[in-house]
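Novice: Predicted structure and sequence below. I'll ask about it afterward.
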Amino acid sequence: MRCLVTGASGYIGGRLVPRLLAEGHEVRCVVRSPDKLRDVPWAEQVEIVYGDVLDPGSLPAACRGVDVLYYLVHSLNSPEFATLDRRAARLTARAARQAGVGRIVYLGGLHPEGALSAHLGSRTEVGEIFLRSGVPTVVLQAAVIIGSGSAGFEILRYLAERLPVMITPRWVRNRVQPVAVRDVLHYLTAAASLSPGLSRSFDIGGPDVLTYADMLHGYAAVAGLARRVMFPVGVLSARLSAYWISVVTPVPRALASPLIDSLIHEAVCREDDIHDYVPPPAGGLTGYERAVRLALHKIRHGEVETRWSDASPTSDPSGPLPSDPGWSGGTAYSDVRVRRTSAPPDRLWQVVKTIGGEHGWYSCTPARAAPGGTDRPAGGVGVRRGRRHAHRLRSGEAPDRWHVEALEEGSLLRLRAERRLPGRAWLELRISPASGGGSLYRQRAVFCPHGLAGRFYWWSIVPVHALVFGGMARTITRAAERAAQRSTIGAAGRGARRGCR
């Protein structure tokens with residue numbers, strides 16, 4: 001069966017694709033930036049094509065010859081997300097119908113009857129558009145998805161780990177039926193083989209019905225933390241809650257706000273009809289605490305497949321890149337640092353590709369952290385997001401407050417800033433062999449200001465460039481030199497031991 005996956009660079013899509021392949025399906029991935037899938041382990045096993053659900057011209061070719069279309073995209077990071085999602089769903093439904101697609105599978109949100117938040121209302125509307133499209137559609141409706149790297153799980157994790165005592169809104173007493181990401185993927189994968197003509201929505205959830213407070217306590221128990229203390233009050237609005245979450249957790253306010261708006265509703269399955277068509281996973285559904293335990297295991301062992309941040313909320317594919325001639329016009333400021341080092345290129349690259357996360361950014365911490373600190377209250381991504389793996393990096397990944405825009409193994413790493421700034425910013429790190437041995441390290445920070453505020457921002461931080469950018473270049477090259485020296489000493493020691501034998 002040929003499956004089309006939209007949102008293949010996102011959290012769910014990036015996990016679904018390899019599971020569809022394992023089931024023997026052919027997979028076509030439609031993404032706005034094909035380079036984002038260049039480094040995924042399954043890139044050579046799928047067809048990767050350009051497509052945009054808001055671009056009607058790109059959809060017919062993407063849908064041609066497709067049996068099942070997985071719709072796994074949304075526009076939550078835009079203030080106009082409901083309008084954009086409505087238009088995208090209509091365009092996709094029309095293209096699927098005209099191309100003769102056999103089924104649409106959509107992952108929506110679990111919701112009660114009656115008035116809904118803007119987020120849940122939009123998710124429900126998208127599902128209804130597909131169900132009325134004339135194409136058989138399966139809508140799977142899930143509440144909070146628990147898995148390493150999911151936005152819902154990241155919110156829970158950071159709140160529980162950082163706040164032993166919390167003043168919380170009353171919605172922490174609302175009931176929710178969380179579901180493990182592995183169970184969501186089980187249902188999504190099985191949906192490709194459902195009976196032809198089946199068209200309806202299904203509620204999916206885990207075996208536990210909990211309050212949000214129960215979930216926080218449960219996380220603390222699994223993580224070995226003391227029981228969290230909560231004081232629910234009625235004065236914290238959803239907007240204030242989203243603001244607070246954006247400060248304490250890595251999830252920016254643009255994403256947290258619609259998610260928190262949905263928490264005013266209880267999210268419990270009203271039916272489990274899905275099991276009339278799809279049997280539960282082998283071993284049964286995953287309980288909440290087991291799902292938390294599995295997620296923490298993957299995080300601690302660097303085995304996180306995808307993260308909520310993989311689909312960049314601030315991506316601007318049409319924007320200029322540091323390598324574009326003349327920056328496509330306009331003003332650009334840059335800070336360039338070039339250092340020669342005795343470390344060979346491979347050792348230098350090993351240091352460069354570990355930046356972010358637990359290894360930090362090899363620069364003056366106070367000077368570096370200040371812009372990120374002001375970024376959080378403004379609704380940006382801040383500095384605490386981390387990275388999927390401590391030693392592996394790939395195009396499209398999002399370490400801390402940056403997004404990997406280009407990666408050429410051993411020679412180039414280009415990062416685009418995702419902070420709230422009065423302009424656009426990139427950091428480009430290049431490595432090349434130096435004549436006579438060693439390496440040449442070239443570091444370039446580039447900033448395209450927006451208006452007077454952007455120019456003022458750049459010139460206001462010029463005095464700390466030597467600390468931040470100069471310190472980063474020095475520390476990276478020195479770390480590479482130390483690693484090379486340790487390698488040389490280790491090799492000499494091993495040679496001496498072999499000689500003694």
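Specialist: It's in.
Novice: okay but residue 43 is in contact with residue 37, surely?
Specialist: Yes: contact status for residue 43 versus residue 37: in contact at 5.5 Å, counting by CB atoms under 8 Å. From N, CA and C alone the C-beta is placed, and that goes for glycine too.
Novice: ok, these two, which is more surrounded?
Specialist: residue 37 (21 against 14; other CB atoms under 10 Å).
Novice: didn't the more buried one look like it was pressed against residue 29?
Specialist: Yes: the pair residue 37 / residue 29 is scored as a contact, 6.1 Å apart, by CB under 8 Å.
Novice: Mutual contacts of these two, please.
Specialist: 8-9, 46, 48 (CB atoms under 8 Å, 6 or more residues apart in numbering).
Novice: just the residues you listed: which has the poorest pLDDT?
Specialist: Ranked by pLDDT, the shared contacts of residue 37 and residue 29 bottom out at residue 9, which has 86.
Novice: Now that residue: which helix or strand?
Specialist: Residue 9 is part of no helix or strand when elements are defined by DSSP states H and E.
Novice: neighbours around it, how many?
Specialist: 29.
Novice: cool, the one 5 residues further on as well?
Specialist: As a burial measure, the neighbour count of residue 14 was computed by other CB under 10 Å and equals 25.
Novice: How about the one 4 residues further on?
Specialist: Neighbourhood size, residue 18 [other CB under 10 Å]: 17.
Novice: Confirm it sits in a helix?
Specialist: Yes: under DSSP: H, G, I helix; E, B strand; the rest coil, residue 18 sits within a helix.
Novice: mind checking pLDDT for the closest residue in space to residue 162 that isn't next to it in sequence?
Specialist: Leaving out its chain neighbours, the residue that sits closest to residue 162 by CB to CB, 6 or more residues apart in numbering is residue 248, at 5.8 Å. As predicted, residue 248 sits at a pLDDT of 71.
Novice: mind showing which ranges of the stretch 101-250 of the chain have poor pLDDT?
Specialist: Judged by pLDDT under 70, the stretch 101-250 of the chain has its weakly predicted residues at 234-244, 246, 250.
Novice: Strands of that one, start to end?
Specialist: 103-109, 137-142, 145-146, 165-169, 175-176, 179-180, 200-203, 210-211, 229-233 (DSSP state E, counting those that start in this stretch).
Novice: And for the stretch 401-501 of the chain?
Specialist: Going by DSSP E, counting those that start in this stretch, the stretch 401-501 of the chain shows strands at 402-408, 412-417, 423-433, 439-449.
Novice: How about the contacts made by residue 221?
Specialist: Per CB under 8 Å, 6+ apart, neighbours of residue 221: 227, 289.
Novice: And for residue 15?
Specialist: Taking CB under 8 Å, 6+ apart as the contact definition, residue 15 lies against 181, 185, 305-306.
Novice: Can you add neighbour count and give those back as CSV?
Specialist: Output for the contacts of residue 15, formatted as CSV (neighbours: other CB atoms under 10 Å):
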residue, neighbour count
181, 25
185, 19
305, 17
306, 26
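Novice: domain parsing for the protein?
Specialist: Following automatic domain parsing, one finds the domains of the chain at 2-310, 327-488.
Novice: as a whole number, average confidence for the shortest one?
Specialist: Just to be clear, that refers to domain 327-488. On average, domain 327-488 scores 78.
Novice: What score does residue 494 have for pLDDT?
Specialist: pLDDT at residue 494 comes out at 56.
Novice: which phi and psi does the closest residue in space to residue 29 that isn't next to it in sequence have?
Specialist: Distance criterion CB to CB, 6+ apart; nearest residue to residue 29, sequence neighbours excluded, is residue 8 at 3.7 Å. Here is the backbone geometry of residue 8 (degrees, to the nearest 10): phi -70, psi -20.
Novice: Residue 8 is in contact with residue 37, isn't it?
Specialist: Yes: using CB under 8 Å, residue 8 is in contact with residue 37, at 6.4 Å.
Novice: and for these two, which residues touch both?
Specialist: Shared contacts of residue 8 and residue 37, counting by CB under 8 Å, 6+ apart, come down to 29, 31, 46, 48.
Novice: so the first one is in which element?
Specialist: Using DSSP H and E, residue 29 maps to strand 26-31.
Novice: Got phi/psi on the nearest residue to residue 72 once chain neighbours are set aside?
Specialist: Once flanking residues are discounted, residue 72 sits nearest to residue 7: 3.6 Å by CB to CB, 6+ apart. Here is the backbone geometry of residue 7 (degrees, to the nearest 10): phi 70, psi 30.
Novice: how many neighbours does residue 7 have?
Specialist: Number of residues near residue 7 (other CB under 10 Å) recorded here: 21.
Novice: any idea how far it is from residue 301?
Specialist: Here residue 7 is placed at a distance of 26 Å from residue 301 (CB to CB, to the nearest Å).
Novice: go on, residue 356?
Specialist: Per CB to CB, residue 356 is found 18 Å from residue 301.
Novice: Of those two, which one has the most company?
Specialist: Neighbours per residue (other CB under 10 Å) separate residue 356 from residue 301, with residue 356 holding more: 23 against 10.
Novice: separation between that one and residue 398?
Specialist: Applying CB to CB to residue 356 and residue 398 gives a distance of 9 Å.
Novice: Contact partners for residue 52?
Specialist: Applying CB under 8 Å, 6+ apart to residue 52 gives the contacts 32, 58.
Novice: now do residue 470
Specialist: Counted by CB under 8 Å, 6+ apart, residue 470 has contacts residue 337.
Novice: if I look at the nearest residue to residue 193 once chain neighbours are set aside, how far off is residue 297?
Specialist: Using CB to CB, 6+ apart and skipping the chain neighbours, the partner closest in space to residue 193 is residue 1 (7.3 Å). Computed as CB to CB, the residue 1 to residue 297 distance reads 32 Å.
Novice: Among the two, which residue is more densely surrounded?
Specialist: Legend: neighbour count by other CB under 10 Å for residue 1 and residue 297, higher for residue 1 (15 against 11).
Novice: I figured that one hits residue 26, correct?
Specialist: Yes: counting by CB under 8 Å, residue 26 is a contact partner of residue 1 at 7.1 Å.
Novice: Share the number of residues neighbouring residue 125, please.
Specialist: 15.
Novice: Was I right to think it contacts residue 83?
Specialist: No: Residue 125 lies out of contact with residue 83 (CB under 8 Å); the separation is 10.6 Å.
Novice: quick one: secondary structure of the residue nearest to residue 182 when sequence neighbours are not counted?
Specialist: Of all residues not flanking residue 182 in the chain, residue 286 sits nearest, at 6.1 Å (CB to CB, 6+ apart). Following three-state DSSP, the label given to residue 286 is coil.
Novice: got a list of what residue 286 touches?
Specialist: 179-180, 182-183, 206-207, 294.
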